[in-house]
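Enquirer: Sequence and predicted structure are below.
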Amino acid sequence: MLRPEPLEDPQNKKNTSGTCGLGCCGCRAALPEQQKIPYATPSSVDTAGNSYEAGQANPSHIENSSYRLTGLSCADCAAKLHHKLGELPGIISVQLNFGTAALEVRHTCPAGDIVKVVKKSGYGIEAAGQVKPVGLKGLFYQQSVILTAISGLLLGTALALSLLGIEGPVLPSLYTASILTGGYKAARSGLYALKSFSLDINFLVIVAAAGAVAIGEWSEGATVVFLFSLGNMLQDYTMEKSRNSIRALMSLAPKEAMVKRRGFTISAPIDEILPGDILLVRPGERIAMDGNVLSGCSEVDQSPVTGESLPVAKEPGDKVYAGTVNGRGFMEITVTRTSRDNTLARIISLVEEAQAQRAPSQHFVEAFARIYTPLVIAAAALTGSLPSLVFGQPFAPWFERALILLVISCPCALVISTPVSIVAAISSAARKGVLIKGGAYLEEAGSLKVVAFDKTGTLTTGRPEIKEIFTAPGYTREKLVGIAAAIESCSEHPLAQAIMRLAKERGFDIPQCSAFRSHPGQGATAEIGGVTYLAGNHRLFQGLEIPPLLAQNLYELEEEGKTPVIIGTDSEVIGILAAAESLRDNAANTVKELRQAGIERIVMLTGDNPGAAASAASSLSVDEVHAGLLPEDKLQVVNSLMTQYGKLAMVGDGINDAPSLAAATVGIAMGPTGTDTALETADIALMAGELARIPYIIRLGRSTINIIRQNIAFSVLVKAIFIALTFAGITNLWMAVFADTGAALLVILNGMRLLQADQNKFRSSVA
Ligand code: ADP
Ligand code: MG
């Protein structure tokens, strides 16, 4: 029989900052009124649950608001905006992430104040979750694009006219018009930034253009403004594209679906479909909601959620996910989550939260930028004044050099270099069913030395089968298995499920039980008819005499590599169930690929007996096997391996792995077959439980590190070359702008390579 899944969301327990921790969408609907959490609303909900519209002050309450900005293409400007928002009265904390363009604010001032500051700085702002991906088509309607195009046309006409030898007042007026249209946005943001005494790149470019005009270099001034505006537009477009690559997943779920209500079949918008509704899914249709199959069988392509493109068979009782594609069967599905709270929505908010975290290499970049910009601006001031004032040099050429230095004082490309790569890599991984919870783990994954695997459920299929049953005198098989199943009915351990399956297949009676307790790494206990029964390994039965015959069986089973589950009370052993399970198909291959990827040591850690461990290890060629471990023993082994070899990844699935997942440099949890505790503790989660993704993660980590390094080196080099060229007097203003925005664009494009990274290599590794 189906056991209805609890609707309560285990992830909500993680709630830390007043939001649900995942920033996920549906919590509002799923939680009682007073716990409602602000999300995706332009209005806000304070911690007491009162909601009020933007612009309406509520000074006694703290609000959390989440927004998504548009037009945020310059990382340095993002930092300035961040600073500005932080200084607004009534702001408690601000988190502005350039990579995702996400803005999180805790505030007591009206939300309208925040919106005003953002808009005045020249960016678009919308409530999180409402921004649609910008397509090429939408781009043509944007103000900045229209202005840039007009500016370019005017500049082109002026340049053409001057080439034809036409002179007179028409040229300066065309150039002026070009500067005004192309520079409007930059001037607006630049002047606004100046009000708070910060020199952002917008302002510096406007100063440079004005300076060029002042020394009579009209065409140069106009070119500078046009190129800057064009570069910004392109950066904006590419950044939005990489930001949206994950958000686009969201649009996969249909907007409407067929549901059965009171005997009628109606088509309802997904927002109105609630847990408990019966959803009808026709062949070939995309599934609209998360739920459990009620009737019907089919196979489902779950790649949007798990990244696994092989269809998965579904039968009554199985889980299905919104956004996945039904195969040839017809199914009725009991909805378990609202559309805002479904797995896909959680994946997306989890990924966006991850993308918003600072990666280690960003600290270097930020430290560098803090010194670099003031230094170059100071150099510009000296270059503009000293040579002509002190050394009697001509003013104009040195003044132009000073302007060039102003333009290249913005570390734009450098500041973009890390976040853009991290965002791309995390999105790319998410689309393959690998949730990486922050750039830091990605970078760590690139420099791993040791990979430690849990055995049961990780290297093995997690679907053991009971192969043999041994009973003590006075017990029938039915009675023994019934007791075992009663204890295990509350456990989520793979062995427990094997026992449940056996009892159901044979149609054995399962008695009622109470006072269930799980003993990680040992087994479980429960009360049946007032007696406490135990099911587990010999450690659970310590101090208890095992009848010689059963002891002999136990010994032989372990020798054969099987896992015995001993059943008994605290005074006697009543039988043994022997389980065996096979390795995952790609376990051996994964170990091989990890070695090829340069992992020095591969270790197996298991709570199972040494016999079962050795039998699994023999076909895998792992370097070390540790068997019979309790959770704390696993932790100890992980710690000592880390001191011995350096960075270690722990791959695990169960509750017993949680401590070692948390302690490892990188904790990798196996997906939906894994337990929630493991998923929460892990740094990386494999949605499809696909082992072959682990070498992929390592390669992705390495590519990310490489691309970040390339980006940093490239942007620093371009700056260095330009500074040298400027002093040599070889370059000019528009070339500086070209190099500046061009470098930023190249850095973005280089980072975006990670969106495609490793596709082919990955395919060959699963094939
Ligand atoms: P692994 O470390 O290989 O994933 P576990 O730590 O989950 O294995 O389990 C270790 C051992 O503890 C199992 O091999 C089994 O003997 C025993 N055990 C754990 N949970 C249960 C359970 N619910 N029922 C029976 N035995 C259990
Ligand atoms: Mg396990």
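Expert: Nice, I can see it. Ligands and ions are numbered 1, 2, ... in the order given.
Enquirer: which residues does residue 312 contact?
Expert: Neighbouring residues of residue 312 by CB atoms under 8 Å, 6 or more residues apart in numbering: 299, 300, 301, 302. Where you see a C-beta, it was placed from the backbone N, CA and C, and this is true even at glycine.
Enquirer: for whatever residue of the stretch 151-300 of the chain ends up closest to ligand 2, which residues make a bridge with it?
Expert: Nearest to ligand 2, among the residues of the stretch 151-300 of the chain, is residue 292, at 24.5 Å (CB to the ion). Bridge pairing for residue 292 (DSSP bridges) gives the partners residue 319, residue 334.
Enquirer: Tell me if I'm right that residue 350 and residue 438 touch.
Expert: No. Applying CB atoms under 8 Å, one finds residue 350 not in contact with residue 438, separated by 10.4 Å.
Enquirer: give me the number of residues near residue 745?
Expert: Neighbours of residue 745 under the rule other CB atoms under 10 Å: 22.
Enquirer: tell me which element it is part of?
Expert: Assessed by DSSP states H and E, residue 745 sits inside helix 733-756.
Enquirer: What helices and strands are in contact with that helix?
Expert: Here helix 733-756 touches helix 201-214, helix 218-247, helix 395-408, helix 412-431, helix 693-728, going by 3 or more CB pairs under 8 Å, 6 or more residues apart in numbering; DSSP states H and E.
Enquirer: Out of those, flag the one nearest ligand 1.
Expert: Of all these, helix 693-728 sits nearest to ligand 1, with 16.6 Å by CB to the nearest ligand atom.
Enquirer: in that closest one, what counts as buried?
Expert: Applying a neighbour-count criterion of 16 or more other CB atoms under 10 Å, the buried positions in helix 693-728 are 693-705, 707-708, 710-712, 714-716, 718-719, 722-723, 725-726.
Enquirer: from the middle of its chain, how far away would that helix be?
Expert: Relative to its parent chain, helix 693-728 has a centroid offset of 22 Å by CA atoms, centre = their mean, to the nearest Å.
Enquirer: Likewise for stretch 398-408?
Expert: Here the centre of stretch 398-408 is set off from its chain's centre by 41 Å, with CA atoms, centre = their mean.
Enquirer: Kindly export that stretch (C-alpha atoms) in CSV.
Expert: Extracted in CSV, the C-alpha atoms of stretch 398-408 (Å, rounded to 0.1, in the frame of the first residue of the first chain):
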residue,chain,number,x,y,z
TRP,A,398,49.6,64.5,-21.5
PHE,A,399,46.0,65.5,-20.7
GLU,A,400,44.8,62.8,-23.2
ARG,A,401,47.1,60.3,-21.5
ALA,A,402,45.5,61.2,-18.2
LEU,A,403,42.1,60.6,-19.6
ILE,A,404,43.2,57.2,-21.0
LEU,A,405,44.4,56.3,-17.5
LEU,A,406,41.0,57.3,-16.1
VAL,A,407,39.3,54.9,-18.5
ILE,A,408,41.6,52.0,-17.7
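Enquirer: Dig out what the residue in the stretch 301-450 of the chain positioned nearest to ligand 1 forms beta bridges with.
Expert: Nearest residue of the stretch 301-450 of the chain to ligand 1 (CB to the nearest ligand atom) works out as residue 450 at 17.3 Å. Beta bridges link residue 450 to residue 601, residue 648, judged by DSSP bridges.
Enquirer: Against residue 517, how distant is the spatially closest residue to residue 523 that is not a sequence neighbour?
Expert: Residue nearest to residue 523 in three dimensions, not counting chain neighbours: residue 536, with 1.5 Å by CB to CB, 6 or more residues apart in numbering. Note on residue 536: its distance to residue 517, by CB to CB, to the nearest Å, is 11 Å.
Enquirer: between these two, which one's more packed in?
Expert: residue 536 (25 against 14).
Enquirer: Name the residue closest to the centre of this protein, please.
Expert: By CA atoms, centre = their mean, the mean C-alpha position of the chain lies nearest to residue 351, the distance being 2.3 Å.
Enquirer: would you put the C-alpha positions of the strand or helix carrying that one in PDB?
Expert: Using DSSP H and E, residue 351 sits in helix 343-355. Taking Å, rounded to 0.1, in the frame of the first residue of the first chain, the C-alpha atoms of helix 343-355 are listed here in PDB:
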ATOM      1  CA  THR A 343      11.600  20.200  -6.900                       C
ATOM      2  CA  LEU A 344      12.500  22.100 -10.000                       C
ATOM      3  CA  ALA A 345      11.800  25.400  -8.200                       C
ATOM      4  CA  ARG A 346      14.000  24.300  -5.300                       C
ATOM      5  CA  ILE A 347      16.800  23.300  -7.600                       C
ATOM      6  CA  ILE A 348      16.700  26.700  -9.200                       C
ATOM      7  CA  SER A 349      16.700  28.700  -6.000                       C
ATOM      8  CA  LEU A 350      19.400  26.400  -4.500                       C
ATOM      9  CA  VAL A 351      21.500  27.000  -7.600                       C
ATOM     10  CA  GLU A 352      20.900  30.700  -7.500                       C
ATOM     11  CA  GLU A 353      21.800  30.800  -3.900                       C
ATOM     12  CA  ALA A 354      25.000  28.900  -4.600                       C
ATOM     13  CA  GLN A 355      25.900  31.200  -7.500                       C
END
